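Asker: sharing a model that was predicted from the sequence below.
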Amino acid sequence: MTTFHNHIPISHFSQWFTHWTSLNNLMIAGPCSAESYTQLRSTILMMTSQPLWNVLRLGIWKPRSRPGGFDGNIEALQWIKELKQEFDFKCAVEVATPEHVDLALEAKVDVLWIGARTVGLPFAVDDLANAIAGLDIPVLIKNPLSPDVNLWAGAVERFLAKKVNKLAIVHRGYSWPYSQKLRNWPMWSTVAQMKIFFPDITVLGDPSHIAGDVNLVQRMSTEALSFGCDGLMIETHPDPVNALSDAAQQIPLSMMPQFLQQCKKPTTKNTHSEINYWRMHIDEIDQQVVHLLKKRDEVTEKIALTKKDQQLQVVDYHRFETMLNLRKEWFQAGLGDEQYIEQVFNLLHERSIQRQLNILTKSEDH
Ligand code: PEP
Ligand code: MN
């Protein structure tokens, strides 16, 4: 693990503002996208009533993976200005270019965040760090789309190099082709690694983008807080079904008091020790192994159906031998390891044969 030196101290979120609601966690919530004045107003009314959470989030420039969807509404800048005259609240907006930074500051936005699609682009991050240098505004840095810790750490370093030190990282999960239940797969070991690089940095979880499904957001929030996050970033909408982006994952605004009530933080946290990091890493690797084993089962089923269709025998001995040799090459197996690879793939092959035989005999019954 690389350790970085000569950093300026990172300021904890409790030091970011002089007027700061007395909540222990940094809770950020609001719509995926700002869609209307009334939507924002009702969200601010809810947020400030108790107070329920510290910062309103709202997307104004939406980086859509595919063109053609709703990509934000810059009228929201005017809505913020007006609402700031009526209410005392702090808000956070995603910025992807220096122009966004200028416009957001002009609208008195209090916190900026860098989205997952931008964090992976070092030149874009440099441009943003240059634009934000000297402004003394907090910046939240989401993880990039792929689990590359150096890319994520590099973004933090690019800001530190410009003496921007009100920084937090946000875990929103990673793109994962085998994911079935979650939209973006969390890998908390990468967050633990970031904490080893930057011990003082504030850590937030984004259970909305991890889950992608409103029914899973509470569970992912609990997971984030149990891990040791200092707070959460949550998407909420007065009428999620009709939301213009991320409709499936936004919590109905009226449910927010109940939702936040259930977001309990454990009293002790112990996540930064070396052993916990490696254990988390093993869990994540095994999670991937299990997913891949399931995927393998699915493919053997397809092979069985093809064999049945073409009336081929189940086992091709020559194929198994070449297959095994190839896997040994991939592993770069030395003398002791050859046996290990053989054992693993004999077991996998045996399961594959059994499954294929099952499928073939079952279909013969009909
Ligand atoms: C968002 O917060 O609405 C967003 C676009 O998130 P991400 O950058 O994590 O995809
Ligand atoms: Mn969103």
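Answerer: Thanks, I have it. Ligands and ions are numbered 1, 2, ... in the order given.
Asker: ok now stretch 275-287, how far from the chain's centre?
Answerer: 17 Å (Cα atoms, centre = their mean, to the nearest Å).
Asker: enumerate the residues of the stretch 1-150 of the chain near ligand 2.
Answerer: C32 (Cβ under 5 Å from the ion). Every residue, glycine included, has its C-beta placed from N, CA and C.
Asker: which parts of the stretch 1-150 of the chain are strands?
Answerer: 26-30, 55-58, 90-94, 111-114, 139-142 (DSSP state E, counting those that start in this stretch).
Asker: could these go into CSV alongside distance to ligand 1 and mean pLDDT?
Answerer: As requested, those are arranged in CSV below (distance: least, Cβ to the nearest ligand atom, whole Å; pLDDT from 0 to 100):
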stretch, distance to ligand 1, mean pLDDT
strand 26-30, 10, 96
strand 55-58, 7, 98
strand 90-94, 6, 98
strand 111-114, 7, 98
strand 139-142, 5, 98
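Asker: nearest to I8, out of those strands?
Answerer: Smallest distance to I8 across the strands of the stretch 1-150 of the chain (Cβ to Cβ): 13.8 Å, for strand 139-142.
Asker: for ligand 2, give me its nearest residue in the protein.
Answerer: Across the chain, the shortest distance to ligand 2 (Cβ to the ion) belongs to C32, at 3.4 Å.
Asker: in TSV: the strands of the stretch 1-150 of the chain, plus mean neighbour count.
Answerer: Shown next, in TSV, are these (neighbours: other Cβ atoms under 10 Å):
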stretch	mean neighbour count
strand 26-30	25
strand 55-58	25
strand 90-94	24
strand 111-114	24
strand 139-142	25
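Asker: need those strands in TSV (columns: distance to N184).
Answerer: Below are the strands of the stretch 1-150 of the chain laid out as TSV (distance: least, Cβ to Cβ, whole Å):
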stretch	distance to N184
strand 26-30	17
strand 55-58	17
strand 90-94	16
strand 111-114	16
strand 139-142	10
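Asker: give me the low-pLDDT residue ranges for the stretch 201-350 of the chain?
Answerer: Under the criterion pLDDT under 70, the flagged ranges of the stretch 201-350 of the chain are 265-274.
Asker: so which residues of it form helices?
Answerer: With DSSP state H, counting those that start in this stretch as the criterion, the stretch 201-350 of the chain has helices at 207-211, 214-227, 256-262, 274-310, 317-331, 335-365.
Asker: hey, which of those helices is tucked in deepest?
Answerer: For the helices of the stretch 201-350 of the chain, average neighbour numbers computed from mean count of other Cβ atoms under 10 Å are highest in helix 207-211, which has a mean of 27.
Asker: can you name the residues of this protein sitting close to ligand 1?
Answerer: C32, G59, G115, A116, R117, K142, R172, H209 (Cβ under 6 Å from any ligand atom).
Asker: ok, so of those, who is nearest L357?
Answerer: Once Cβ to Cβ is applied, the member of the residues of the chain next to ligand 1 that ends up nearest L357 is H209, at 43.0 Å.
Asker: so who does the closest one touch?
Answerer: A116, R172, G173, R183, N184, E235, D246, Q249 (Cβ atoms under 8 Å, 6 or more residues apart in numbering).
Asker: leaving out the residues flanking it, which one is nearest to the first one?
Answerer: What it means is A116. Spatial nearest neighbour of A116, excluding adjacent residues (Cβ to Cβ, 6 or more residues apart in numbering): K142 at 4.7 Å.
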